[in-house]
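When you get a sec, could you give me coordinates for this:
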Amino acid sequence: MDLIIDLGNTNKKLAIFYQGQPVEMQQYPLLTMKTIRDFIQRNPEIKNGILSSVIPHRESLARYLSSVCNFIELDENTPVPLKNRYKTPRTLGKDRLAAAVAGSAQFPGSNVLVINTGTCITYDFVNENNEYIGGAISPGILMRFHALHTFTGKLPLVSFHDQEILTGTDTRESILSGVLTGAVAEIEGITARYQQKYPDLKVLLSGGDQKYFDKRLKISIFARPNIVLHGLQQILAFNVNYTK
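Take a look at the predicted model:
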């Protein structure tokens, strides 16, 4: 059994994979050492583990994980099952790399664009030669709401409501329209530009806001929940075999 730990900006996830498939997944706004220990104790058959973190964490976490399983922490030097052509691999978000790995594995030999809609909306492109080239980062939905409120004098902080408004008839509706309609238009526009260059492009959609966009995007996409966890498991499996 494989232990996957993903420490993201907004959510922290613990998952168990068996033979490449998820059998348990827990999500937390905060993750303590006690929670991790309890999770591992409930799953004594864990043999391998991987930690991916885009936030600071205590060194004691890595030491503990090394004591209970064959453990790796994902960084820019970790072998991965694709060619990383990113010019600054040290600054590449580990979640972006894992998502790209999962996308490439799902559509081997294809041009793949992975769109992850979380704290940020990220776009990650892997070409048909299994080369990760890079992509784009833009603010996620909640970040857009907070930015409008924080950097203006009078605009209110609007909550995310799953509704479709084109023409706002008051300030709240105008913000909802600008943020939500704008984010949909952004994803469709960026995807269209990739499709012009790569007509056979495969597009994968994941992330916390996946369901909202999946209902509204007028493009051909494949939904892949928890794509980062799948990519991390594939990186872990690659390294287990790499060291044999």
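
Would you mind confirming that Gln210 is in contact with Phe222?
No: here Gln210 does not reach Phe222: they are 11.0 Å apart, not a contact under CB atoms under 8 Å. Glycine gets a C-beta too; all of them are placed from N, C-alpha and C.

Which one of those two is surrounded by more residues?
A direct count of neighbours by other CB atoms under 10 Å for Gln210 and Phe222 places Gln210 higher, at 21 against 15.

Just list whatever residues bridge to the nearest residue to the more buried one once chain neighbours are set aside.
Spatially, and ignoring its direct neighbours in sequence, Gln210 is nearest to Thr117 (5.7 Å; CB to CB, 6 or more residues apart in numbering). Note on Thr117: beta-bridge partners Ile121, judged by DSSP bridges.

Flag the shaky bits of the protein, pLDDT-wise.
Within the chain, the ranges that satisfy pLDDT under 70 run 242-244.

How is it divided into domains?
2-73, 83-228 (automatic domain parsing).

Tell me the span between the first and last residue of the shortest one.
In this case it means domain 2-73. End-to-end distance for domain 2-73: 13 Å, by CA to CA, to the nearest Å.

Likewise for stretch 56-75?
13 Å.

With stretch 116-136 instead?
So stretch 116-136: terminal residues 11 Å apart, CA to CA.

Extract the C-alpha trace of stretch 217-235 and format it as PDB.
What follows is stretch 217-235 as a C-alpha-only set of coordinates in PDB (Å, rounded to 0.1, in the frame of the first residue of the first chain):
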ATOM      1  CA  LEU A 217     -17.200  24.900 -20.200                       C
ATOM      2  CA  LYS A 218     -18.100  24.600 -23.900                       C
ATOM      3  CA  ILE A 219     -15.000  22.600 -24.800                       C
ATOM      4  CA  SER A 220     -14.200  18.900 -24.900                       C
ATOM      5  CA  ILE A 221     -12.700  18.000 -21.600                       C
ATOM      6  CA  PHE A 222     -12.000  14.900 -19.400                       C
ATOM      7  CA  ALA A 223     -12.800  15.400 -15.700                       C
ATOM      8  CA  ARG A 224     -10.100  13.800 -13.400                       C
ATOM      9  CA  PRO A 225     -10.800  14.400  -9.700                       C
ATOM     10  CA  ASN A 226      -7.800  14.500  -7.400                       C
ATOM     11  CA  ILE A 227      -5.300  14.500 -10.300                       C
ATOM     12  CA  VAL A 228      -2.400  15.600  -8.100                       C
ATOM     13  CA  LEU A 229      -2.800  12.600  -5.800                       C
ATOM     14  CA  HIS A 230      -2.800  10.300  -8.900                       C
ATOM     15  CA  GLY A 231       0.300  12.000 -10.200                       C
ATOM     16  CA  LEU A 232       2.100  11.700  -6.900                       C
ATOM     17  CA  GLN A 233       1.300   8.000  -6.700                       C
ATOM     18  CA  GLN A 234       2.700   7.500 -10.200                       C
ATOM     19  CA  ILE A 235       5.900   9.400  -9.200                       C
END
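
Buried residues in that stretch, which are they?
The neighbour-count check on stretch 217-235 (16 or more other CB atoms under 10 Å) flags 217, 221, 224, 226-235 as buried.

if I look at the closest residue to Val179 other than its chain neighbours, how far off is Gly208?
The spatial neighbour of Val179 that comes closest, neighbours along the chain excluded (CB to CB, 6+ apart), is Arg144 at 4.6 Å. The gap separating Arg144 from Gly208 is 14 Å, by CB to CB, to the nearest Å.
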